[in-house]
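1. Would you be able to build a 3D model of this:
(one chain, ligands or ions: 1)
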Amino acid sequence: MKTIFQKDLWSISSFFENKNYSFNKNEILSSLSKNDIDEAFLIISNWKGYLPTPLIELSKLSKELNLNKIFYKDESKRFNLKSFKALGGAYAVEKVTKGNKDIVVSTATAGNHGRSVAWGARRLGLKCKIFISEYVSDARGQAMSDLGADVIKVKGNYEKSLVKCIKQSKENNWQIVQDVAWNDYMVVPKYTMAGYTVMMKEIVNQLKSDKITHIILQAGVGGMAGAMVAGIARYLENVPEIVVVEPDSAACVMESIKTGKIEKIDIKRESLMGGMSCGEVSLVPWAILKNSVKFCISLPDDNIAKTMKLLGNSSFSDEKIIAGENSAPGVISLITACLDDKIKETLKLNSKSNILVIGCEGDTDKEMYQKLINQ
Ligand SMILES: Cc1ncc(COP(=O)(O)O)c(C=O)c1O
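-> Predicted coordinates:
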């Protein structure tokens with residue numbers, strides 16, 4: 001029988017080692033401070049319904065790849081919103097409005113961030129305006145309407161929806177809660193990242209005596225990856241090997257690390273990994289990621305559906321895991337790296353390695369999830 005762990009069945013597009021790598025704790029925590037991180041945990045862990053999401057061992061996969069342990073942070077269970085994004089937008093809504101019910105919040109989104117903002121607004125009884133591009137699925141739009149937001153569909157792509165959001169927000173005095181930073185808009189994106197660091201605090205509590213040797217972080221604009229690196233600087237004694245993974249059509253962090261400055265990618269084809277299909281790294285995460293990321297991987301969409309299915313039918317772990325499109329790349333990178341002697345050696349992956357991968361989302365778009373796992 002052909003096993004699923006064959007070299008020709010797994011692939012990445014490129015692998016890059018950052019020769020300028022240096023992990024400077026103080027520098028990282030000057031972008032996202034210890035106070036920002038601690039305050040986010042204090043506030044979010046007191047929200048009604050808060051529970052740490054599971055940290056699942058992919059014990060079947062670690063055995064197969066001859067690694068010590070693989071930990072999968074399962075964000076499909078986050079506040080019924082099914083993604084880590086629930087921690088960011090909703091927290092930023094609370095921080096910027098301080099619960100003032102006269103403030104209307106707004107955002108532009110590809111889906112999960114907007115859902116978090118809408119949910120955060122509903123928690124506090126605020127009005128919420130969400131701008132989505134025509135390419136955002138009806139199911140995702142509906143999920144935000146169901147949370148009480150006014151959802152406004154804009155012709156064109158995400159950029160167009162953001163331009164419209166900024167224009168209308170200025171005209172109507174709405175408070176924009178965006179997860180992407182630009183030159184004079186850094187504070188709110190910083191709050192979203194502070195919210196994401198809750199994942200790292202939970203992981204540290206869940207690990208007990210195990211020490212993480214490697215962490216693989218997905219990146220779109222880099223907010224989640226930057227937050228997790230800041231979480232490492234805040235909470236971990238031993239710094240693991242940090243790997244960032246992106247779609248090959250939108251590897252903006254990798255290309256920027258290669259040249260040492262922010263490079264804009266002209267996205268020619270939208271990746272299946274929708275939340276990660278971003279052409280430009282955001283400013284706050286860039287300050288954190290540019291030196292602290294040691295390795296970058298980009299990959300095609302090819303193995304996404306297969307990996308979602310394998311996670312879902314408990315091929316990798318004792319329990320079934322509902323993993324959305326953006327949850328698969330960490331596992332794909334790890335399997336591919338272990339099947340390639342050179343990459344495996346460069347990454348120092350061996351039988352003592354404990355790898356952390358982030359299952360960023362569950363079936364945030366149910367229809368799409370079913371379609372992919374049934375392919
Ligand atoms: C659902 C989802 N959206 C977005 C992202 C990207 O996050 P960011 O744009 O903060 O890098 C991810 C994972 O990386 C994701 O799983």
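2. Show the model's pLDDT score for the residue in the stretch 251-375 of the chain positioned nearest to the ligand.
-> In the stretch 251-375 of the chain, the residue found nearest to the ligand is Gly275; the distance is 2.3 Å by C-beta to the nearest ligand atom. In this view, the C-beta of every residue, glycine as well, is placed from N, C-alpha and C. Gly275 carries a pLDDT score of 88 in this model.
3. how close does the nearest residue to it once chain neighbours are set aside get to Arg122?
-> Distances taken as C-beta to C-beta, 6 or more residues apart in numbering place Asn326 nearest to Gly275, at 4.7 Å, with adjacent residues excluded. Per C-beta to C-beta, to the nearest Å, Asn326 is found 24 Å from Arg122.
4. quick one, which of these two is more surrounded?
-> Asn326 (29 against 17; other C-beta atoms under 10 Å).
5. ok now do that one, which residues does it touch?
-> By C-beta atoms under 8 Å, 6 or more residues apart in numbering, the residues touching Asn326 are 83, 218, 273-276, 360-361.
6. Need the three-state assignment for it.
-> Secondary structure, DSSP: H, G, I helix; E, B strand; the rest coil: Asn326 is helix.
7. Report the contact partners of the residue nearest the centre of the chain.
-> By C-alpha atoms, centre = their mean, the mean C-alpha position of the chain lies nearest to Met224, the distance being 4.4 Å. Residues near Met224 by C-beta under 8 Å, 6+ apart: 84, 193, 196, 217-218, 358, 360.
8. sorry, back to before: okay, the residue nearest to Gly275: pLDDT?
-> Taking Asn326 on its own, its pLDDT is 96.
9. will you turn the contacts of Met224 into TSV that also has pLDDT?
-> Shown next, in TSV, are the contacts of Met224 (pLDDT from 0 to 100):
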residue	pLDDT
Phe84	97
Met193	98
Tyr196	98
Leu217	98
Gln218	98
Ile358	98
Cys360	97
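10. excluding its backbone neighbours, what's nearest Asn80?
-> Nearest non-adjacent residue to Asn80 (C-beta to C-beta, 6+ apart): Gly49, at 7.8 Å.
11. all strands of the protein, in order?
-> 14-17, 55-57, 69-74, 104-109, 127-133, 150-154, 175-176, 214-218, 241-247, 295-299, 354-359 (DSSP state E).
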